[in-house]
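**Student:** No letters, just coordinates:
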């Protein structure tokens with residue numbers, strides 16, 4: 001009987017050593033709580049649920065500890081495991097261009113085509129990228145790491161993943177989580193900055209309705225856009241090429257099925273895989289470092305700088321415009337790449353001061369310009385720092 005109980009105890013001890021309870025650390029508990037926080041924000045607060053729910057659940061998956069010495073081939077960082085294979089789309093940059101294909105297929109560039117000067121706002125808002133880059137250098141990051149961190153200011157998760165995978169793979173998880181977190185928090189971060197840098201009089205500026213754009217212009221735009229941007233910044237070709245390709249699928253009128261696939265099933269599938277694997281990459285042993293904390297701080301700062309740059313540029317630009325042609329500086333925040341959330345914020349803040357002043361269509365111009373601008377900025381950083 002004693003031998004039997006000894007056998008049972010030994011087997012129970014061996015089983016308990018196999019479970020996650022034997023390997024869990026404070027770091028794993030912290031990251032599981034973070035994952036639950038992401039799920040709460042996505043489900044209960046409706047903050048970018050298409051992003052935060054896959055990422056939050058991925059964080060849970062990535063922080064279930066196990067005995068790595070057994071060679072179970074289940075962890076995201078174990079070469080050859082299923083999760084590691086799926087994560088290759090993040091590490092090697094397959095997913096971001098496919099996301100851009102879908103974005104191009106669902107984007108209407110009419111607001112930008114009808115008022116091309118709005119492109120300048122999208123360019124000005126990229127100041128957040130280069131501002132964060134300079135600050136990151138001052139904080140001791142290597143130039144390639146600083147470039148990857150700075151791209152968070154573009155408010156473009158796929159671009160941040162693409163660039164960090166090339167320049168700073170070891171920081172990819174922290175940069176991706178920071179980029180998507182702050183994209184979801186655009187409604188929280190941007191309004192205070194917009195109010196701080198504008199006067200009540202400026203917030204009441206009414207803009208002329210955008211002119212009607214012909215179908216021919218819509219078809220020509222992605223062709224001209226591709227040639228102008230990639231001939232200047234060829235390193236941005238994977239992102240810009242897919243963005244404009246997706247757009248011509250939409251606007252040509254003869255590839256409707258392809259456009260619907262790109263902006264529907266394809267982008268949904270890639271979003272699931274990207275969000276889940278990015279979340280799973282936050283394994284506590286790899287993610288909880290001082291650099292991760294610094295990256296989150298720099299990410300918030302870069303968003304603030306980008307918003308301020310867009311708003312202040314409009315105020316400066318208005319000095320050279322006639323009274324009837326002035327731009328409402330509340331659309332300056334839309335120069336970041338968070339489409340269409342930042343444009344919606346322009347609309348919401350504008351309606352607070354004038355219930356009949358609709359800024360959404362005007363804000364979509366710099367918003368889609370921000371998508372192009374962040375990809376161009378990523379190409380410039382990649383060209384100089386890779």
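**Tutor:** Arrived safely. Source: prediction; values computed, not measured.
**Student:** alpha carbons only for contacts and neighbour counts from here, please
**Tutor:** Will do.
**Student:** how far away is residue 258 from residue 248?
**Tutor:** Residue 258 sits 10 Å away from residue 248, taking C-alpha to C-alpha, to the nearest Å as the criterion.
**Student:** Which other helices and strands does the longest helix anywhere in the chain contact?
**Tutor:** Assignment by DSSP state H gives helix 290-318 as the longest helix of the chain. Here helix 290-318 touches helix 119-124, helix 127-138, helix 143-150, helix 172-184, helix 186-196, going by 3 or more C-alpha pairs under 8 Å, 6 or more residues apart in numbering; DSSP states H and E.
**Student:** distance between stretch 294-305 and the chain's centre?
**Tutor:** Relative to its chain's centre, stretch 294-305 lies at 13 Å (C-alpha atoms, centre = their mean, to the nearest Å).
**Student:** Give me the contacts around stretch 316-326.
**Tutor:** 205-208, 327 (C-alpha atoms under 8 Å, 6 or more residues apart in numbering).
**Student:** Quick check: which of those has the minimum pLDDT.
**Tutor:** The lowest pLDDT within the contacts of stretch 316-326 belongs to residue 208, which sits at 90.
**Student:** Please report the number of neighbouring residues for that residue.
**Tutor:** 11 (other C-alpha atoms under 10 Å).
**Student:** From residue 224, how far out is the closest residue to it other than its chain neighbours?
**Tutor:** Excluding the flanking residues, the one nearest residue 208 by C-alpha to C-alpha, 6 or more residues apart in numbering is residue 325, at 7.1 Å. For residue 325, the distance to residue 224 equals 26 Å [C-alpha to C-alpha].
**Student:** ok, now residue 137?
**Tutor:** In terms of C-alpha to C-alpha, residue 137 sits 35 Å off from residue 224.
**Student:** what's whatever helix or strand residue 217 lives in packed up against?
**Tutor:** Here residue 217 sits within helix 215-232, counting by DSSP states H and E. Packing partners of helix 215-232 (3+ C-alpha pairs under 8 Å, 6+ apart): helix 110-114, helix 237-251.
**Student:** rerun at 7 Å
**Tutor:** helix 237-251 (3 or more C-alpha pairs under 7 Å, 6 or more residues apart in numbering; DSSP states H and E).
**Student:** Quick one: name whatever helix or strand follows the helix it packs on.
**Tutor:** Next along the chain from helix 237-251, counting by DSSP H and E, comes helix 256-261.
**Student:** Test my guess that residue 41 contacts residue 51.
**Tutor:** No. Contact between residue 41 and residue 51 fails when scored by C-alpha atoms under 7 Å: they sit 10.5 Å apart.
**Student:** Please say which of these two ends up with more neighbours.
**Tutor:** Higher neighbour count among residue 41 and residue 51: residue 51, with 22 against 19, using other C-alpha under 10 Å.
**Student:** which residues touch that one?
**Tutor:** Taking C-alpha atoms under 7 Å, 6 or more residues apart in numbering, we find residue 51 in contact with residue 275.
**Student:** So for it, what's the pLDDT?
**Tutor:** 88.
**Student:** What are the buried residues along the helix or strand encompassing it?
**Tutor:** Taking DSSP H and E as the criterion, residue 51 maps to helix 49-62. Using 16 or more other C-alpha atoms under 10 Å as the test for burial, helix 49-62 gives 49, 51-62.
**Student:** is it true that residue 238 touches residue 98?
**Tutor:** No. With contact defined as C-alpha under 7 Å, residue 238 does not count as touching residue 98 (9.2 Å).
**Student:** Between the two, point out the one with more neighbours.
**Tutor:** Neighbour tally, residue 238 and residue 98, criterion other C-alpha under 10 Å: the higher count belongs to residue 98, 23 against 20.
**Student:** Give me the most central residue, the protein.
**Tutor:** In the chain, the C-alpha nearest the mean C-alpha coordinate belongs to residue 157, at 2.0 Å (C-alpha atoms, centre = their mean).
**Student:** thinking that residue is in contact with residue 180, fair?
**Tutor:** Yes. Residue 157 lies in contact with residue 180 (C-alpha under 7 Å); the separation is 5.5 Å.
**Student:** Please parse the protein into its domains.
**Tutor:** 10-65, 91-385 (automatic domain parsing).
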